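Novice: Dropping a prediction and its sequence here:
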Amino acid sequence: MTPGARAAAAIAVMEKVLGGAPAEVALTNWGRSNRYAGSGDRAAIRDIVYDILRCRRSLAALGGGADSDGALNGGAVNGGAAARRLVLGWARERGLEGLFDGQGHAPAPPSPEEAGRIPEGLEALDCPDWLEAPLREGLGDRFAPVMQAMRQRAPVFLRANVARTSRDGAIAALAADGVVAEAHPLADTALVVRDGARRVQQGRAYAEGLVELQDASSQAVVGMLPLADGMAVLDLCAGGGGKTLAMAARARLDLFAHDAEPRRMADLPARAERADARLRITERPEKTAPYDLVLTDVPCSGSGSWRRDPEGKWALTPAWLGSLLAVQAGILDRAAAMVGPGGILAYATCSMIEAENGAQVAAFLARHPGWHLERDRRFTPLEEGDGFYGAVLRRV
């Protein structure tokens, strides 16, 4: 496919997204309907679509669209025109407006109505209006640079499985697979991939469990935990099990994994076998309480991971955030009841919204006077990893 044809394909995919389809579904369906497109074409189209989703408010302005706060709605009425203007904005930002020349399968040249304008203020930061105040509360004067960083693609991070190899050993194994990685300062297990990211999951290092895909900030949160051999540990919101496996690599634990939606853990047994990690999946974690440490990586806005999941930024609403806050408080209360005397309750979010982070911990401490905060830390994309929050609380 020519670059112009790829732009036209991105318009077709974005029209489906604006009509309500998840981006991955729209991309998969387009690929199935256009089997002539090679893997390189599909990857390039996916990159365009996700670049647009990260920056859809500013790119709409550059493409001649009206400022709609970037919300993922209203696209079904005139989705084709809106999608075209988003891809046009993407091209203009990169000096590629010439792709719109109407030659072959390329999009038609821009019309006078598609002249575009320079985005300003929150529009230029690709931030929905209502989210400015909640984000500024936690970020302060870092708000603007963090939101600029959120407009970019996230680096690919790996975790060296230190139960099987050293970080240097993982780097060497990856190099043999054609992947260039280097140590990253956010965590003592973190590697950032500088070249060959698409080869990681086809390589020996990954297949043999020497490395796992995991964001560096997520690894750093696990690094905050006071893990020691013999501890009984519960990952109460295990999800795919990234933090579960990271904990297993750090100490010989009596380790349990649980999730309110067990299907999220479907791949965890296979991942644990590959990583040589020992753990038990439990449907009723209260039955094996008390624990020395309970980790609660709670459901959250995902605001720290919007570079990877940009649809979440435009889909989040004040009502949805409010419901998440209630869920988080309930999980903390449940987890606290399962921690033994002198034990640890760890709280984590991939969020930069203070109401989900320090304010949530403060509210828990007000409800439970028998606890104190030992440490907490906030991470932002200015450190290259995702936005994250981690807190370590101890039962007095």
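Specialist: Alright, I've got the coordinates.

Novice: so after whichever helix in the chain runs longest, what's the next helix or strand?
Specialist: When the chain is parsed with DSSP state H, its longest helix is helix 318-336. Later in the chain than helix 318-336, the nearest helix or strand by DSSP states H and E is strand 339-349.

Novice: hmm, who's touching that next one?
Specialist: The list of residues contacting strand 339-349 from outside it, by C-beta atoms under 8 Å, 6 or more residues apart in numbering, reads 221, 224-226, 232, 243, 289-298, 300-301, 304, 328, 332, 335-336, 356-357, 360-361, 364, 371, 388-395. Any C-beta I mention is one placed from the backbone N, CA and C, and that applies to glycine too.

Novice: wait, isn't E354 in contact with R136?
Specialist: No. The criterion here is C-beta atoms under 8 Å, and E354 misses it with R136 at 9.1 Å.

Novice: These two: which has the busier surroundings?
Specialist: Set side by side, E354 and R136 show more neighbours around E354, with 19 against 16, by other C-beta atoms under 10 Å.

Novice: quick check: mean pLDDT across the longest helix of the chain?
Specialist: Mean per-residue pLDDT for helix 318-336: 98.

Novice: List the buried residues of that helix.
Specialist: 321, 324-325, 328, 331-332, 335-336 (16 or more other C-beta atoms under 10 Å).

Novice: cool, and stretch 350-364?
Specialist: Buried, per 16+ other C-beta under 10 Å, within stretch 350-364: 350-358, 360-361, 364.

Novice: wait, doesn't G312 sit right on S301?
Specialist: Yes. Counting by C-beta under 8 Å, S301 is a contact partner of G312 at 7.2 Å.

Novice: For this protein, which segments count as strands?
Specialist: Listed in chain order, the strands of the chain (DSSP state E) span 156-160, 180-183, 190-195, 211-213, 232-235, 254-257, 280-281, 291-297, 339-349, 371-379, 388-395.

Novice: Make a markdown table out of these and add mean pLDDT.
Specialist: What follows is the strands of the chain, written out as a markdown table (pLDDT from 0 to 100):
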| stretch | mean pLDDT |
| --- | --- |
| strand 156-160 | 98 |
| strand 180-183 | 98 |
| strand 190-195 | 98 |
| strand 211-213 | 97 |
| strand 232-235 | 98 |
| strand 254-257 | 98 |
| strand 280-281 | 97 |
| strand 291-297 | 98 |
| strand 339-349 | 98 |
| strand 371-379 | 98 |
| strand 388-395 | 98 |
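
Novice: ok, for E212, nearest residue in space, not its chain neighbours?
Specialist: In this structure, E212 finds its nearest non-sequential neighbour in R159, 4.8 Å apart by C-beta to C-beta, 6 or more residues apart in numbering.

Novice: Next, count neighbours for that neighbour.
Specialist: 26.

Novice: Report the contact partners of the closest residue to E113 other than its chain neighbours.
Specialist: Among residues not flanking E113 along the chain, G64 sits closest, at 6.1 Å (C-beta to C-beta, 6+ apart). If a contact means C-beta under 8 Å, 6+ apart, then G64 has 85, 88-89, 110, 113-117 as its contacts.

Novice: contacting residues around A108?
Specialist: A108 makes contact with 100, 102, according to C-beta under 8 Å, 6+ apart.

Novice: any idea how far it is from D141?
Specialist: Between A108 and D141 the computed distance is 44 Å (C-beta to C-beta, to the nearest Å).

Novice: Ok, A115 next?
Specialist: For A115, the distance to D141 equals 35 Å [C-beta to C-beta].

Novice: now do F157
Specialist: Taking C-beta to C-beta, one finds F157 at 26 Å from D141.

Novice: who's more crowded, the two?
Specialist: Neighbours were counted for F157 and for D141 using other C-beta under 10 Å; F157 has more, 27 against 8.

Novice: What about the closest residue in space to the more buried one that isn't next to it in sequence, how many residues nearby?
Specialist: Excluding the flanking residues, the one nearest F157 by C-beta to C-beta, 6+ apart is A216, at 4.6 Å. Close neighbours of A216, defined as other C-beta under 10 Å, add up to 24.

Novice: Return the per-residue confidence for A216.
Specialist: For A216, the model assigns a pLDDT of 98.

Novice: For it, give me its contacts.
Specialist: By C-beta under 8 Å, 6+ apart, A216 lies in contact with 157, 184, 186-187, 190, 192, 383-386.

Novice: Would you list the phi and psi of the closest residue to P110 other than its chain neighbours?
Specialist: Spatial nearest neighbour of P110, excluding adjacent residues (C-beta to C-beta, 6+ apart): F100 at 5.7 Å. Main-chain dihedrals, F100, degrees, to the nearest 10: phi -90, psi 70.

Novice: how much space between F100 and R84?
Specialist: 9 Å.

Novice: The two: which has the busier surroundings?
Specialist: R84 (27 against 21).

Novice: Chain neighbours aside, what residue packs nearest to that one?
Specialist: In space, R84 is closest to I11, 5.2 Å off (C-beta to C-beta, 6+ apart).

Novice: That neighbour reaches G80, doesn't it?
Specialist: Yes. If you go by C-beta under 8 Å, I11 and G80 touch, sitting 7.5 Å apart.

Novice: On the pLDDT front, check the spatially most central residue of the chain for me.
Specialist: The chain has S305 as the residue nearest its centroid, 3.2 Å off, counting by C-alpha atoms, centre = their mean. If you check S305, the pLDDT there is 97.

Novice: Tell me how far it lies from G312.
Specialist: Distance from S305 to G312, by C-beta to C-beta: 8 Å.

Novice: Same question for A10.
Specialist: Distance, A10 to G312, by C-beta to C-beta: 20 Å.
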